[in-house]
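J.: output the structure for:
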Amino acid sequence: MPQLIAPTARLHRQWLAYRDEWGRGVHQDGSGLRPGDEVDTAEGFAAFVRKLLGESDPAVQPVPGWVHCTYWWIVDRDEMLGAIALRHELTASLLETGGHIGYGVRPSARRRGIASWALAEVLAAAGGMGMDRVLVTCDADNEASRRTIERNGGVLEDIRDTSGRPVRRYWITVKSALPG
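T.: This is a model prediction of the structure:
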């Protein structure tokens, strides 16, 4: 049974297997991994985890141009299945293409409903944080993400072509209660 957990250095080996399945240097939506993050060594990975945890802390000033963001890892008995992130507010760029929530499921764990389940859980968390609605986006040709977002109440606002990449933009009204 999958669960959402806060990032932890304890899962270093499992996280590397997850990353390697995507491919080194491949963007992983929702993971918080950025170019220059050193995650191969235990020390580098621990710093990466501290960075992710710090980004959710309102007492910690975000990097200029970034917003506070809470990250969760989608795991099943310590196997990394995916990652999902909830941005606490939107910048102009996030309003255009990024949205409040980003997520990704490793290729071998797809087509099991994991993304839909995780999105529902994070929508409830967003409601618990006082958000009334969130923006969730996906590439226009990503049918799996389109279905995931629509299953969770996503209402298509529009499709925008930004930097030569059409993006579907959905708004989802969230409830103020946590799942249960």
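
J.: can you confirm Met80 is in a strand?
T.: Yes: assessed by DSSP: H, G, I helix; E, B strand; the rest coil, Met80 belongs to a strand.

J.: pretty sure it contacts Ile74?
T.: Yes: under the criterion of C-beta atoms under 8 Å, Met80 makes contact with Ile74 at 7.5 Å. C-betas here are computed from N, CA, C, even on glycine.

J.: give me the more crowded residue out of these two.
T.: Ile74 (26 against 22; other C-beta atoms under 10 Å).

J.: may I have the phi/psi pair for that one?
T.: phi -90, psi 120 (degrees, to the nearest 10).

J.: gap between it and Glu89?
T.: 23 Å (C-beta to C-beta, to the nearest Å).

J.: go on, Gly113?
T.: 29 Å.

J.: ok, Gln61 next?
T.: 14 Å.

J.: same deal with Gly82?
T.: Applying C-beta to C-beta to Gly82 and Glu89 gives a distance of 23 Å.

J.: ditto for Trp171
T.: 15 Å.

J.: what about the two, which has more around it?
T.: Legend: neighbour count by other C-beta under 10 Å for Trp171 and Glu89, higher for Trp171 (16 against 12).

J.: for Ser108, see how far away that one is.
T.: Look at Trp171 and Ser108: by C-beta to C-beta, they are 31 Å apart.

J.: Val122 too?
T.: 22 Å.

J.: between these two, which one's more packed in?
T.: Val122 (26 against 11).

J.: before we move on, which element is the more buried one in?
T.: helix 114-128 (DSSP states H and E).

J.: contact partners of that helix?
T.: Helix 114-128 has contacts (C-beta atoms under 8 Å, 6 or more residues apart in numbering) with 2, 4, 70, 72, 74, 81-82, 84, 86, 100-101, 103, 105, 134, 136, 144-145, 147-149, 151-153, 172, 174-179.
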